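Undergrad: Give me a model of this one.
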Amino acid sequence: MGILLKDELFDSQALRALGYAVYGAADVGECVTTAQRITRVDKKLWIDEWTATATRVRSVADASLAAGDRVGARGAYFRASNYFRTANIFALEKGSLPLLRAGYANEVASFRAGAALLDLPPEIVAIPYEGTTLPGYFFRAADDAKPRPTLILTNGYDGTAEELYFADGVAALERGYNVLAFDGPGQGAMIIERGVVFRPDWENVITPVVNFALTLPGVDARALVLLGPSFGGYLAPRAATAEHRLAACISDCGPYDLFDASISRVPGLLAGALPDGNPLLLGILRRLIDGVARQPTAGWALRRNLLVHGAADPIAYFDLAPQYTLKGIEHLIECPTLVCCAQGDDLSVRAPILFEALTCQKRFVEFAAADGAGSHCEGSARTLFHSTVFAWLDEVLVRHGA
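TA: Just a heads-up that it's a prediction; the model follows:
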């Protein structure tokens with residue numbers, strides 16, 4: 001869009017940060033002035049400038065708290081958390097792990113400092129999972145034992161459980177939903193701190209999460225909703241193919257099939273060599289992809305993907321991508337499902353294929369660029385997204401008896 005920065009990826013990530021202003025995690029002036037200081041496409045400059053803003057805003061939070069201004073401190077801590085996350089988005093690659101971990105620690109510490117100042121602070125949870133735990137947060141809509149619908153938030157490639165609070169959690173809490181946000185394999189703390197990579201069978205992640213949710217106070221077992229943005233738009237419906245205690249599932253701008261989505265960016269002749277075709281063509285493709293991977297922004301998504309999937313090189317990534325698919329299993333989804341895409345977002349162009357293949361109660365929504373919602377996951381129009389989603393959920397949950 002080129003609103004804040006000329007580079008498309010830099011601009012989209014700056015707008016991602018700014019988009020949370022409506023939910024208390026950004027200030028327009030802070031985002032604009034930070035973007036103005038990023039005068040070239042330089043990863044280090046990006047990290048330095050967003051970190052400088054985050055550090056300054058955190059000092060404002062500390063001063064506000066010391067002065068007894070809990071509201072001001074909470075807002076500043078939340079903004080600092082968002083800015084630390086934004087600073088380190090481009091450190092999400094193998095060569096930058098020490099920097100990534102330091103930035104993530106700042107994001108988490110700032111978020112938890114702000115969350116502790118909420119009228120009803122969240123419970124920091126450890127969800128039992130295959131001999132270990134998944135880290136997350138449980139936010140209650142009210143301080144009582146009344147059963148309420150609960151929104152389970154599963155992330156995408158480069159988000160964190162902390163970001164999920166701003167992306168969807170605040171909107172849900174305002175509408176009387178409890179919220180359970182967590183990091184699964186390949187996400188947030190699981191990849192940054194523990195090195196646990198993605199797995200395609202997300203049903204084996206969500207089932208332990210649902211088991212845990214049902215032990216929490218105030219969770220209505222008839223009204224569990226799973227929402228996945230970005231790559232979570234694949235993960236959520238994949239989980240719903242086997243986890244049938246869900247009352248509803250929302251797929252927000254995710255891929256239908258990771259392999260198809262990936263090779264769509266590869267020249268046709270060379271794409272035909274994937275995943276295990278002609279060795280000569282694979283050699284040419286390897287050199288081509290290696291060149292792209294070295295580019296500061298054009299190659300970042302690929303470098304990120306190698307980290308979160310634990311792939312040694314791009315060809316290994318293409319080898320594992322076919323496992324991440326909904327082809328042939330869409331009919332196993334039983335709960336009502338909302339499939340979303342954003343007009344002009346190439347990451348969700350196959351969302352209509354998923355929708356057409358579903359046999360459950362379903363609805364499809366394409367968010368329009370003319371409404372400001374054409375960016376990936378409607379990042380510049382989250383309020384419009386939430387109005388649409390929760391209106392649909394009102395209908396679905398009533399029919400479900402919740």
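
Undergrad: if you go through the stretch 201-350 of the chain in chain order, where are the helices?
TA: With DSSP state H, counting those that start in this stretch, the ranges of helices along the stretch 201-350 of the chain come out as 203-213, 232-240, 258-263, 268-271, 279-293, 300-309, 314-320.

Undergrad: burial count for Ala52?
TA: Residue neighbour count, defined by other CB atoms under 10 Å, stands at 14 for Ala52. For glycine as for every other residue, the C-beta is placed from the backbone atoms N, C-alpha and C.

Undergrad: how close does it sit to Gly184?
TA: When distance is defined by CB to CB, to the nearest Å, Ala52 is 32 Å away from Gly184.

Undergrad: Mind listing what's buried along the longest strand that the chain contains?
TA: Among the elements of the chain assigned as strand by DSSP state E, the one spanning the most residues is strand 219-229. Taking 16 or more other CB atoms under 10 Å as the neighbour-count basis, strand 219-229 is seen to contain the buried residues 219-220, 223-229.

Undergrad: which other helices and strands contact it?
TA: When contacts are defined as 3 or more CB pairs under 8 Å, 6 or more residues apart in numbering; DSSP states H and E, strand 219-229 sits against strand 148-153, helix 203-213, helix 232-240, strand 248-252, helix 382-399.

Undergrad: Let me know the average pLDDT across that strand.
TA: Predicted confidence along strand 219-229 averages 97 (mean pLDDT).

Undergrad: partner strands of that strand, parallel or antiparallel?
TA: Here strand 219-229 is paired, per DSSP bridges, with strand 148-153 (parallel), strand 248-252 (parallel).

Undergrad: Dump those into JSON lines; add mean neighbour count as well.
TA: Listed next are those as JSON lines, based on neighbours: other CB atoms under 10 Å:
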{"stretch": "strand 148-153", "mean neighbour count": "25"}
{"stretch": "strand 248-252", "mean neighbour count": "29"}
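
Undergrad: can those go into JSON lines with extra columns for distance to Gln343 and mean pLDDT?
TA: Below are these laid out as JSON lines (distance: least, CB to CB, whole Å; pLDDT from 0 to 100):
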{"stretch": "strand 148-153", "distance to Gln343": "24", "mean pLDDT": "98"}
{"stretch": "strand 248-252", "distance to Gln343": "14", "mean pLDDT": "97"}
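
Undergrad: Next, format the ones you listed as a markdown table and append distance to Asp371.
TA: Below are the strands paired with strand 219-229 laid out as a markdown table (distance: least, CB to CB, whole Å):
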| stretch | distance to Asp371 |
| --- | --- |
| strand 148-153 | 23 |
| strand 248-252 | 16 |
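
Undergrad: residues contacting Tyr129?
TA: For Tyr129, the contact set (CB atoms under 8 Å, 6 or more residues apart in numbering) comprises 205, 208-209.

Undergrad: Looking at the residues you listed, which is nearest Val60?
TA: Nearest to Val60 among the contacts of Tyr129, counting by CB to CB, is Val209 at 35.3 Å.

Undergrad: Run through the residues that contact the spatially closest residue to the closest one that is not a sequence neighbour.
TA: The spatially closest residue to Val209, leaving aside those adjacent along the chain, is Ile127, at 5.7 Å (CB to CB, 6 or more residues apart in numbering). Remark: with contacts taken as CB under 8 Å, 6+ apart, Ile127 is in contact with 133-136, 182, 208-209, 212.

Undergrad: how many other residues sit next to Gly176?
TA: Gly176 has 12 neighbouring residues, counting by other CB under 10 Å.

Undergrad: typed the wrong thing, it's Val210
TA: Here the count is done by other CB under 10 Å, and Val210 has 22 residues near it.

Undergrad: Can you tell me the closest non-neighbouring residue to it?
TA: What sits nearest to Val210 in space, not counting adjacent residues and going by CB to CB, 6+ apart, is Arg245, at 5.5 Å.

Undergrad: Is it correct that that neighbour is in contact with Arg222?
TA: No: with the criterion set as CB atoms under 8 Å, Arg245 and Arg222 do not qualify as a contacting pair; they are 9.2 Å apart.

Undergrad: Bridged to the residue lying closest to Thr388 once chain neighbours are set aside, which residues?
TA: Once its chain neighbours are removed from consideration, Thr388 has its nearest residue in Val365; the separation is 5.9 Å (CB to CB, 6+ apart). Residues found in beta-bridge contact with Val365 (criterion: DSSP bridges) are Cys340.

Undergrad: Could you pull up the contacting residues of Val365?
TA: Counted by CB under 8 Å, 6+ apart, Val365 has contacts 338-341, 388.

Undergrad: now that we have the residues you listed, which one has the most neighbours?
TA: With neighbours set by other CB under 10 Å, the maximum within these is found at Cys340, which has 28 neighbours.

Undergrad: mind checking how far that one is from Ile263?
TA: The value you get for Cys340 to Ile263, if CB to CB is used, is 24 Å.

Undergrad: Deepest-packed of the helices of the stretch 201-350 of the chain, please.
TA: The highest mean neighbour count among the helices of the stretch 201-350 of the chain, using mean count of other CB atoms under 10 Å, belongs to helix 232-240: a mean of 28.

Undergrad: what's the spacing between it and its chain's center?
TA: Helix 232-240 has its average C-alpha position 12 Å from the chain's average C-alpha position, going by CA atoms, centre = their mean, to the nearest Å.

Undergrad: And the contacts of it?
TA: Outside of helix 232-240, the residues within contact range by CB under 8 Å, 6+ apart are 154-156, 159, 184, 200-203, 205-207, 226-228, 246, 249-256, 258, 324, 326, 329-330, 333-335, 337, 339-340, 348, 351, 354.

Undergrad: so which one among the contacts of Val365 has the lowest pLDDT?
TA: Least confident by pLDDT among the contacts of Val365: that is Cys341, with 93.
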